[in-house]
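Peer 1: pasting a predicted model and its sequence here:
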Amino acid sequence: MLSGGWPWNSCDDLSHASLHLQVLHACNSAFATVHTAETNQFEGTRAGCHFALPIGLGPGKPHPLGPTLMSASKASRPQDVVCTMNFAVFSRHATNMNLCLMRADGTGYLEVALDPATNRTGDVWHVQLPGLKDVGSLCYGWRPNGAGNWAEGGCFHPAYIMLDPYCPRALPVELPQAAYDAAPLLPPEGSVEGPCLLGSLAHLVDLFDWEGVERPTRTLEETVIVELDVAAFTTGSDADASVRSEHRNTYLGVIDRLADIKATGATAVLLGNVFLSSNKPAGAADGASSNGTSAGAGNPQVRRPLSFFAPDTRFAAGGNPGDAANQLKELVKAVHKEGIEVLLEAEFCLTSEAGGGIGGRLQSYAGLDGDMYLRGGGGPEATGVLNTGQPVVRQLLLDALRWWVTEYQVDGFCFVNAENLTQDPHGGVLDSPPIVEELASDPLLASCKLIAASANDSLLPRSGVRGFPHYGVLLEWNNHFGADMLGLLRDNAGGLLSTFATRMTGSQDLFAARWDGGLPGGLAAGRRPAFGVNALEPPLSGSLLQLAGAAEDLDRAEIVARSLLMAVLVAQVCTP
């Protein structure tokens, strides 16, 4: 749309413009929007105070969400290919939505106001843009607005450009001045420091060669999982001998230490959070017990996911964030070559948008529609807890998991804080959670290793006495095993010998069928003991020595640690 009464500029490098004329570029003005000083409102195209003229834009389609390539021309050079793209995003409560486009290097800027009469279907905003060239260098985001003032706890603040929840890749981009000039309001603090995370379209042109490497196939009975965090595993004294200096704190550094992984005898690697993430703001709570989650006090160093599709760019070697996706694929390919499976930690509970994001900065879910995406809503007091009871969130997570399986060839997932998946939109615990049923019945995902790891079993159905709803498909991180082993071997608690025997022989109280208790099928059905992951603590927690009590008595802790490790190994052998 081109708004009457606003200046427009022509410029030379407009190959990214989505206009048939390809001569319009929003540099110094709000594109297709009007900000009225009298009401301090962000007026849309139907406000009646100006005219709007469509130039080459299509209404678009509401499905699929995210960016979709609709057509592409033929050209001798990839950057000369002319593409038509469809963009779609969910926001029920937004009354205005703008699509923002720019280059990855921050040059050029185009902002298109969507007309709710033609660019909205139900709760989905959508638009089709023809004439896009060199799409691999394009980045995009959404500028939503709606009822409710940010200072009064409202969810929207149009000073910010939001990351698309469905963006396949994301890059930190220094916004051009035009992006600030187009904003109808200033940020709460008057300025936005640092780059903005925007969706990247590089996946459309960035091909990866898997060289025919196939996924290894390991039975549950032979599976031995080694957990590793990319940053911790590729730095420090243990990594100095094998990790090249330029590969430290990167995906490629894990490849340098493949020999160490093989030496453990592991058949699967569980990678700590590699989703695009931000450090949680200091002093902000991770969640609230009133929302039915087990989140506790905040830790300023904890990384929480912001995107469930895009890989984290901080682990890219060479200083180019755009290389993160291919380097992660190189890691998966190298591990698969050794016959080892790759599992990903999936945090579908706590996001990085507690309190509205880092320093209160809106980034994605809280600013697009916090009332739908987050438990307790968005705004400055947002908990950052994902509302997995909402249908749109369930669909987002399932689509994201399928993306990782098809695009990155991963073999499974470990759902940490999994109790959040069992709750309805209002925090009530369900015996048969819809998202878990869909996971178990999905033909692609059900063939993967899916591990539920709850942080607080008391927040599971029936207070966790039968563990996580599984439908005979999901594995379970056996918290009972760790608690009972620690109670007996570290704490010298009495009366645990019978329980010890139960844990060492497959935890039949959790995994054997029990149809006489009035339980739904997802809890009553039996599973083989191999469906239990016998671990001593939650995924990717502290070291074994710390767990064994090294802070109080190091010598004793070393003895306890050996005993605990032996118990895990013996349980693996003794499980029928």
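Peer 2: Structure received. Residues are numbered from 1 along each chain as shown.

Peer 1: end-to-end on stretch 211-223?
Peer 2: 25 Å (C-alpha to C-alpha, to the nearest Å).

Peer 1: quick one: buried residues of that stretch?
Peer 2: By neighbour count on 16 or more other C-beta atoms under 10 Å, the buried set for stretch 211-223 is 216, 218, 223. The way it works is simple: take the backbone N, C-alpha and C, and place the C-beta from them, glycine included.

Peer 1: for the first one, which non-adjacent residue is closest in space?
Peer 2: The reference is to residue 216. What sits nearest to residue 216 in space, not counting adjacent residues and going by C-beta to C-beta, 6 or more residues apart in numbering, is residue 339, at 4.7 Å.

Peer 1: how close does that neighbour get to residue 274?
Peer 2: Residue 339 is 21 Å from residue 274, where distance means C-beta to C-beta, to the nearest Å.

Peer 1: equivalent analysis for residue 539, please.
Peer 2: Taking C-beta to C-beta, one finds residue 539 at 13 Å from residue 274.

Peer 1: list residues touching both of the two?
Peer 2: Common neighbours of residue 539 and residue 274, counting by C-beta atoms under 8 Å, 6 or more residues apart in numbering, are residue 345.

Peer 1: so if I had to pick from the two, which one is more boxed in?
Peer 2: Shown here are residue 539 and residue 274; by other C-beta atoms under 10 Å, residue 274 has more neighbours (25 against 22).

Peer 1: low-scoring stretches of the stretch 301-450 of the chain, by residue?
Peer 2: 301, 355-361 (pLDDT under 70).

Peer 1: just the chain next, same as before
Peer 2: 1-55, 149-153, 185-194, 279-301, 355-361, 573-576.

Peer 1: among the buried residues of stretch 211-223, name the ones in strands.
Peer 2: Using DSSP state E, no member of the buried residues of stretch 211-223 sits in strands.

Peer 1: which one of these is nearest to residue 414?
Peer 2: The shortest gap between residue 414 and any of the buried residues of stretch 211-223 belongs to residue 223, at 12.2 Å (C-beta to C-beta).

Peer 1: what about residue 83, how many residues nearby?
Peer 2: 22.

Peer 1: in the stretch 51-200 of the chain, which spans are strands?
Peer 2: Using DSSP state E, counting those that start in this stretch, the strands of the stretch 51-200 of the chain run over 52-53, 66-72, 82-90, 94-103, 110-114, 120-121, 124-133, 138-146, 169-173, 196-200.

Peer 1: and the stretch 201-350 of the chain, by the same measure?
Peer 2: 225-228, 268-271, 277-279, 303-305, 341-347.

Peer 1: adding mean neighbour count and distance to residue 406, write the ones you listed out as TSV.
Peer 2: As requested, the strands of the stretch 201-350 of the chain are exported to TSV (neighbours: other C-beta atoms under 10 Å; distance: least, C-beta to C-beta, whole Å):
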stretch	mean neighbour count	distance to residue 406
strand 225-228	18	23
strand 268-271	23	18
strand 277-279	18	22
strand 303-305	23	19
strand 341-347	23	14
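
Peer 1: would you reformat those as CSV and include distance to residue 448?
Peer 2: Output for the strands of the stretch 201-350 of the chain, formatted as CSV (distance: least, C-beta to C-beta, whole Å):
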stretch, distance to residue 448
strand 225-228, 14
strand 268-271, 11
strand 277-279, 22
strand 303-305, 19
strand 341-347, 9
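
Peer 1: of these, which approaches residue 566 most closely?
Peer 2: strand 225-228 (17.0 Å).

Peer 1: got a list of what the residue nearest to residue 174 when sequence neighbours are not counted touches?
Peer 2: In this structure, residue 174 finds its nearest non-sequential neighbour in residue 106, 4.5 Å apart by C-beta to C-beta, 6+ apart. By C-beta under 8 Å, 6+ apart, the residues touching residue 106 are 173, 174, 175, 176.

Peer 1: quick one: the third one and residue 197 touch, right?
Peer 2: It refers to residue 175. No: applying C-beta atoms under 8 Å as the test, residue 175 and residue 197 come out as separate, 10.9 Å apart.

Peer 1: could you report the neighbour count for residue 508?
Peer 2: Neighbourhood size, residue 508 [other C-beta under 10 Å]: 15.

Peer 1: hmm, I was thinking of residue 417
Peer 2: As a measure of burial, residue 417 has 25 neighbours, counting by other C-beta under 10 Å.

Peer 1: got it, and residue 376?
Peer 2: So residue 376, with other C-beta under 10 Å, has 18 neighbours.

Peer 1: do residue 174 as well
Peer 2: Residue 174: 11 neighbours (other C-beta under 10 Å).

Peer 1: tell me how far it lies from residue 133.
Peer 2: 22 Å.
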